[in-house]
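> From the sequence below, what's the structure:
(one chain, ligands or ions: 1)
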Amino acid sequence: MNIAVVGCGYVGLVSGTCLAALGHQVVGIDVDQARVQSLQAGKVPIYEPGLSEMILQQTAAHRLSFTTDMATAVQNSQVIFVAVGTPPAPEGGYNLTMLFDAVEQIIKAANEPKTIVIKSTVPPGTGEKVAAQAATAPHRLEVVNNPEFLREGTAIHDFMNPDRIVFGAGTAEGIGALREIYQPLIDRGFNILSMSRASAELSKFGANAMLAMRISFINEISRLASAVGADIESVRMGIGSDPRIGPAFLKAGIGYGGSCFPKDVAALVHQMQTLKIEPHLLSGIEQANRHQREHFVQGILRVLEGRKDPQIALWGLAFKPDTDDIRESPAIEIARMLAAAGCIVRAFDPEAMANTRRLLGDTIIYAPDVPQATAGADAVVLATDWSVFITQNWPTIKAMMRGVHVFDGRNCLASGKVSAAGLHYYAVGRTPVPPGSTRHGSVGVVVAG
Ligand code: UGA
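Predicted structure coming up:
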């Protein structure tokens with residue numbers, strides 16, 4: 001099928017490339033000429049494992065191309081996916097201008113009946129507004145919501161192996177077009193869930209809010225674990241071994257970040273308040289998330305109290321590993337808070353250095369690798385669980401440092417290895433481990449620590 005994808009950002013690029021890999025003829029459209037030119041030259045503007053290679057393969061196979069010419073691309077396509085940005089609006093909720101503008105341009109360009117697929121994350125009710133907008137077109141335009149559930153860092157795998165493919169359609173024709181597109185995945189046994197537009201939209205928001213809630217829940221419990229001498233990693237297994245609960249997204253740490261959870265939780269709260277529904281539970285999720293990183297930083301400052309010009313080696317800046325994305329990253333907030341408290345912050349991240357430099361300028365120091373971030377540090381602060389940090393040799397790290405403190409904001413390091421090197425190990429919701437000691441009382445299946 002001939003498909004156009006409006007918006008060559010994260011979701012648009014991954015979805016378009018994967019749709020091409022499923023055998024469709026895909027053209028990616030973007031208003032940003034520089035972005036389109038760089039994609040045409042085979043340069044991918046974001047870091048996502050495997051994406052560059054896949055784009056090169058699909059363009060070489062002539063199944064994927066990029067353009068700024070929206071009208072021609074729309075005319076040549078039966079289905080148009082809209083994957084434009086939906087940034088937060090200053091008054092709360094989402095700014096949907098780019099979405100409605102894109103639909104307006106599709107209406108103008110469409111020369112025959114077509115299907116519009118809303119891929120961008122949108123608040124419940126948006127699909128109906130787009131359908132009303134599309135009803136003004138001279139040709140019939142079906143509007144279908146097809147929310148995306150992929151995660152950054154594993155985006156290609158997630159797209160190709162979906163837990164569910166959600167169709168939110170007003171009509172059978174809309175569903176038919178999507179079925180045809182996803183047939184290769186349907187044939188491999190992946191589930192289609194067909195529902196109303198609003199249900200599809202709320203499923204997406206609800207899933208993200210649920211996952212964010214689990215993280216805030218375990219983080220809040222981690223505070224209590226610290227206070228009563230329990231170990232949150234053991235508690236996580238104790239809770240998550242119940243098949244009704246499961247262990248996923250119950251990892252305590254410095255809280256969630258990224259372009260989705262913070263924005264989606266805030267937008268849900270805003271929409272509920274607008275509709276005069278009190279978001280008792282939802283409004284606490286973000287608050288707990290913010291507290292978690294503040295609490296973590298306070299712990300670091302307490303340990304380093306009295307040290308003149310404390311030097312911090314900040315390991316990690318991205319909001320999670322395997323991405324260069326620093327949007328709403330807890331690591332960035334931690335860098336800001338430590339610098340504001342008078343610490344000299346020397347940071348290293350395998351992929352997120354350029355983005356961070358653009359955001360934080362010279363408020364922190366940028367190190368080209370782990371050793372140069374760590375040399376002379378009073379404390380190592382791990383803020384993103386990249387595997388390069390987890391596999392460090394701790395005696396070597398200790399020899400580089402001036403101080404003896406390691407703060408693990410992701411509960412991902414082996415405390416025994418850190419402490420055996422003569423370092424103090426501090427994690428989230430776990431008892432600190434002094435040099436030369438081991439942790440007692442963890443359950444056997446717990447991997448970290
Ligand atoms: C999230 C959802 O997981 C995807 O299903 C969804 O499609 C996507 O948002 C979206 O709406 O586009 P993503 O933002 O890429 O995906 O990242 P996640 O892997 O969900 O992680 C989010 C944050 O939670 C990260 O900062 C991560 O470090 C943190 N996290 C995750 C925890 O603190 N603890 C956990 O147990 C899990």
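
> Correct me if wrong: N191 contacts R164.
Yes - contact criterion Cβ atoms under 8 Å: N191 and R164 qualify, at 4.8 Å. The C-beta positions use only the backbone N, C-alpha and C, and glycine is treated the same way.

> Backbone dihedrals for the residue most central in space within the chain, please?
Centroid-nearest residue in the chain: G258, 4.2 Å away (criterion: Cα atoms, centre = their mean). Per-residue torsions, G258: phi 100, psi 180 (degrees, to the nearest 10).

> swap in V380?
According to degrees, to the nearest 10, V380 has phi -100, psi 130.

> what about it, neighbour count?
Residues lying near V380 (other Cβ atoms under 10 Å) number 29.

> Please tell me how far it sits from the ligand.
Remark: distance between V380 and the ligand (Cβ to the nearest ligand atom, to the nearest Å) = 18 Å.

> Help me confirm that G12 is found in a strand?
No - counting by DSSP: H, G, I helix; E, B strand; the rest coil, G12 falls outside a strand, being helix.

> in the protein, which ranges drop under the pLDDT threshold?
Applying pLDDT under 70 to the chain picks out residues 440-449.

> buried ones in the longest helix along it?
Ordering each helix of the chain by length in residues (DSSP state H) puts helix 197-228 first. Going by neighbour count (16 or more other Cβ atoms under 10 Å), the buried part of helix 197-228 is 197-205, 207-209, 211-223, 225-226.

> Up against the ligand, what does this protein have?
By Cβ under 6 Å from any ligand atom, the residues of the chain that approach the ligand are 121, 148-152, 208, 211, 215, 249-251, 253, 256-258, 260-261, 319-320.

> Would you tell me what the next helix or strand after the longest helix of the chain is?
Under the assignment DSSP states H and E, the closest C-terminal helix or strand after helix 197-228 is helix 232-240.

> what's near enough to touch the residue nearest to the centre of the chain?
By Cβ atoms under 8 Å, 6 or more residues apart in numbering, the residues touching G258 are E152, F319, K320, D325, R327, E328, S329.

> what would these look like in CSV with distance to V418 and neighbour count?
As requested, those are exported to CSV (distance: Cβ to Cβ, whole Å; neighbours: other Cβ atoms under 10 Å):
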residue, distance to V418, neighbour count
E152, 28, 25
F319, 24, 27
K320, 22, 20
D325, 28, 23
R327, 30, 18
E328, 28, 18
S329, 24, 28
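
> between the residues you listed, which is nearest Q105?
R327 (26.4 Å; Cβ to Cβ).

> which residues of this protein fall in strands?
Here the chain has its strands, by DSSP state E, at 2-6, 25-29, 64-67, 79-82, 114-118, 141-145, 165-169, 192-195, 311-315, 344-348, 365-366, 379-382, 405-408, 424-426.

> ok, now how distant is the closest residue to K417 other than its chain neighbours from the ligand?
The spatially closest residue to K417, leaving aside those adjacent along the chain, is W394, at 5.1 Å (Cβ to Cβ, 6 or more residues apart in numbering). Distance, W394 to the ligand, by Cβ to the nearest ligand atom: 23 Å.

> One more: M213?
Distance from M213 to the ligand, by Cβ to the nearest ligand atom: 11 Å.

> excluding its backbone neighbours, what's nearest that residue?
I285 (5.2 Å).

> go on, E128?
In space, E128 is closest to R197, 6.0 Å off (Cβ to Cβ, 6+ apart).

> ok, now which ones touch the one you found?
Neighbours of R197 in contact, by Cβ under 8 Å, 6+ apart: G127, E128, A131, V143, V144, N145, G168, A169, G170.

> Out of those, who's the most crowded?
Each of the contacts of R197 was scored for neighbours by other Cβ under 10 Å, and N145 scores highest at 32 neighbours.

> in the sheet, who's paired with that residue?
I118, G168 (DSSP bridges).

> got a list of what it touches?
Contacts of N145 by Cβ under 8 Å, 6+ apart are V117, I118, V122, G127, V166, F167, G168, A169, R197, A200, E201.

> Could you dump these into a markdown table and include distance to S387?
What follows is the contacts of N145, written out as a markdown table (distance: Cβ to Cβ, whole Å):
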| residue | distance to S387 |
| --- | --- |
| V117 | 36 |
| I118 | 36 |
| V122 | 35 |
| G127 | 39 |
| V166 | 32 |
| F167 | 36 |
| G168 | 37 |
| A169 | 41 |
| R197 | 40 |
| A200 | 35 |
| E201 | 35 |
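
> show me the residues around I165 that make contact.
I165 neighbours (Cβ under 8 Å, 6+ apart): N146, L178, Y182, L185, I186, F190, N191, I192, L193.

> do T126 as well
Here T126 is in contact with L96, L99, I118, E201 (Cβ under 8 Å, 6+ apart).

> my read: the second one touches S120, true?
I take that to be L99. Yes - under the contact definition of Cβ under 8 Å, L99 touches S120, with a separation of 5.9 Å.

> any residues in contact with both of the two?
With Cβ under 8 Å, 6+ apart as the test, L99 and S120 both reach V82, V84, T86.

> What is the nearest of these to the ligand?
Nearest to the ligand out of the shared contacts of L99 and S120 is T86 (Cβ to the nearest ligand atom; 10.6 Å).
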